[in-house]
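[1] what follows is a predicted protein model with its sequence.
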Amino acid sequence: MSGLGSDTWLEASEIDEESDLHIRATTFVATIHWENLVTIASRIRGTQCTLSEKYSLGHFNLVRRLTFVDGVSWVARLRLPDLPSVFGMREAMKPAGCMGIEIATMRFLGLNGIPVPEVFGHDLTTENEVGAPYILMSYLHGTVASDLQEAQDCGIGTFGSPEEDRRFWTQMASYHAQLASLTFDKIGSLHQDGDNFTIGPEIETGEGPWDTPEQYYEALVRHRMKVANADAPLEVRESEAFSFPSRFLELMQSTEGPKTAPFGLANRDFGAHNVVVDNEFNIVGFIDFDGVMAAPSAVVAQLPVFMGMMRPAPGFAETREFALKCLKETAHLLPRYVELVKVAVTQQKVSTGREDTAGLPGLLMSDAASTIQGLNEFG
C-alpha cells in the first residue's frame, strides 16, 4: 500500500456506478454545503482550514479531512441517509441518538486512556447549515488494519510480519481487557449529561437500560426477529434455522458467566475494520463506536469479529467448504488470543488495580460466547 491515512481513502468512484451505494454517496456529496462546514471548523479552532478532495465511505458515514494552516488536521464525519435496500433497518434508534451515543462513548473512552478521536464540535440535526448531521473530531493518521492487511496480502488473521502480528494481537488483547474492566450497574449504551456518563437506551434495539442479561436478551431477540421478518426472503423465513432466536433464550438461561452487575464495556464491532494502525501495524486508535455498550459477560467475551477468530457454534455441524477451510486455518489463533488476554488482565490488575469482573479469559471459548456469536450471525 502506497501512502498512509487519508491518502489511501477510497471514494464513490471505487463503487459500481449503478449501485445504490454509489448513487447515495455521489448525491450526498453534491448536496452538502461544504463551504459552511469549513467555516464552522475554522471558527471553532480560530484559524483557517481547507477540505480534502478525497473522502472515506462507511455503511452509515462519510469522512473528509480538514487541514488547518498550521498543519493540524481534523476530520468531519457526516451521517449518510439511511439505505434500507442495502442494510435493512439494523438500528432502531434514530441517527441523532446514535451519534450522541458515539460522542459520549468517544469522550468516556478518551478519559480512560483508550486512543480515540477527540470531539471538537457537532450538530446532530438534519436541518443545519451543512445539510446533514456531523461531528468534527481529531484526525488519526493511519490506515484501517483490515485495508493494510489486504494490501500486504497477509493470511487470514495475520497482520504483517510475525513480530508485527504478535505486537498487534497483544495490543488488541490489552484494549479488550481494558474495555471489560470499565464497569457499570446497568446494561445499555453510554450517554452523557454534562460531566456525567450514564447507561441508557441502546442503539440497536432502541430500548434499555436493563438490570439483567435476561431482560437485554429478550429485547435483542425481539428486535432481531422484527428485522429478520421484514428483510429476509420467504425461503429463509420458512427454514428451520429461522427459529434460532427463540431457542437462543433457552440456551442462554443455562450458560456460564456472571448474571448480575457489574457489567463491563463490550465493543460488539471489535475488529480490524475499526482499528487504525501505522505501516507496522502498531495501533494508532479506534473508530466507529456504535457497537460499544455495557453488556453481559458473554457479550464482553466475544472474540474480535472479522479477524479470523472463528469458532464452530455449539450444536451446529458446519458443512460449507470455505467455512471449514477458514476454521482449520485459524484454529491456532484462538488459544493464542486467550493467552494474550490472560496476560493483559494480569498486567491491568497490577497497573490499575481493576479486577476482571467478567472472567474474560475463561469465557472467550465458552458455549455462552459462541451462542451470542450465533445470534449475531443470524442477524
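    Structure received.

[2] do me a favour and get the end-to-end distance for stretch 24-38?
    End-to-end distance of stretch 24-38 (CA to CA, to the nearest Å): 22 Å.

[3] scratch that, stretch 39-56
    Distance between the two ends of stretch 39-56: 21 Å, counting by CA to CA.

[4] one more: stretch 147-163?
    For stretch 147-163, the end-to-end distance is 19 Å (CA to CA).

[5] pull the distance from it to the chain's centre.
    20 Å (CA atoms, centre = their mean, to the nearest Å).

[6] please apply the same query to stretch 189-200.
    On the basis of CA atoms, centre = their mean, stretch 189-200 is displaced by 19 Å from the centre of the chain it belongs to.

[7] and for stretch 247-260?
    Centre to centre, stretch against its chain (CA atoms, centre = their mean), the figure for stretch 247-260 is 24 Å.

[8] may I have that stretch as CSV, with CA atoms only?
    Taking C-alpha atoms only, stretch 247-260 is exported to CSV below (Å, rounded to 0.1, in the frame of the first residue of the first chain):
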residue,chain,number,x,y,z
ARG,A,247,-34.2,-21.1,21.2
PHE,A,248,-31.4,-18.6,22.0
LEU,A,249,-33.2,-17.5,25.1
GLU,A,250,-33.4,-21.1,26.4
LEU,A,251,-29.7,-21.7,25.7
MET,A,252,-28.6,-18.6,27.5
GLN,A,253,-30.5,-19.5,30.6
SER,A,254,-28.2,-22.4,31.3
THR,A,255,-24.9,-20.8,30.3
GLU,A,256,-22.0,-19.9,32.5
GLY,A,257,-20.8,-16.4,33.5
PRO,A,258,-21.9,-13.7,35.9
LYS,A,259,-25.5,-12.8,35.5
THR,A,260,-25.6,-9.7,37.7
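
[9] list of residues touching that stretch?
    212-214, 217-218, 221, 296-298, 301, 357-359, 363, 366-368, 371-372, 374-375 (CB atoms under 8 Å, 6 or more residues apart in numbering). In short, each C-beta sits where N, CA and C put it, glycine included.

[10] among the residues you listed, which are located in helices?
    Counting by DSSP state H, those place 213-214, 217-218, 221, 297-298, 363, 367-368, 371-372, 374-375 in helices.

[11] list the contacts of the residue most central in space within the chain.
    In the chain, the centroid-proximal residue (CA atoms, centre = their mean) is Asp269; its distance is 3.2 Å. Applying CB under 8 Å, 6+ apart to Asp269 gives the contacts 288, 290-291, 305.

[12] filter the ones in helices among the contacts of stretch 247-260 down to just the buried residues.
    Among the ones in helices among the contacts of stretch 247-260, those classed as buried by 16 or more other CB atoms under 10 Å are 213, 217-218, 221, 297-298, 363, 367-368, 371-372, 374-375.

[13] which single one of the residues you listed is nearest to Glu280?
    Using CB to CB, Leu363 comes nearest to Glu280 of those, at 31.3 Å.

[14] for the helix or strand hosting Ala25, name the packing helices and strands.
    According to DSSP states H and E, Ala25 maps onto helix 20-31. With contacts defined as 3 or more CB pairs under 8 Å, 6 or more residues apart in numbering; DSSP states H and E, helix 20-31 has these neighbours: strand 49-57, strand 61-68, helix 84-87.

[15] and the contacts of the following helix or strand past the shortest one?
    Of the helices and strands lying after helix 84-87 in sequence (DSSP H and E), the nearest is helix 95-111. Surrounding helix 95-111, the residues in contact under the criterion CB under 8 Å, 6+ apart are 60, 79, 82, 91, 93, 116-119, 122, 124-126, 133, 135, 137, 182, 189-192, 197, 201, 203, 206, 286, 288-290, 292.
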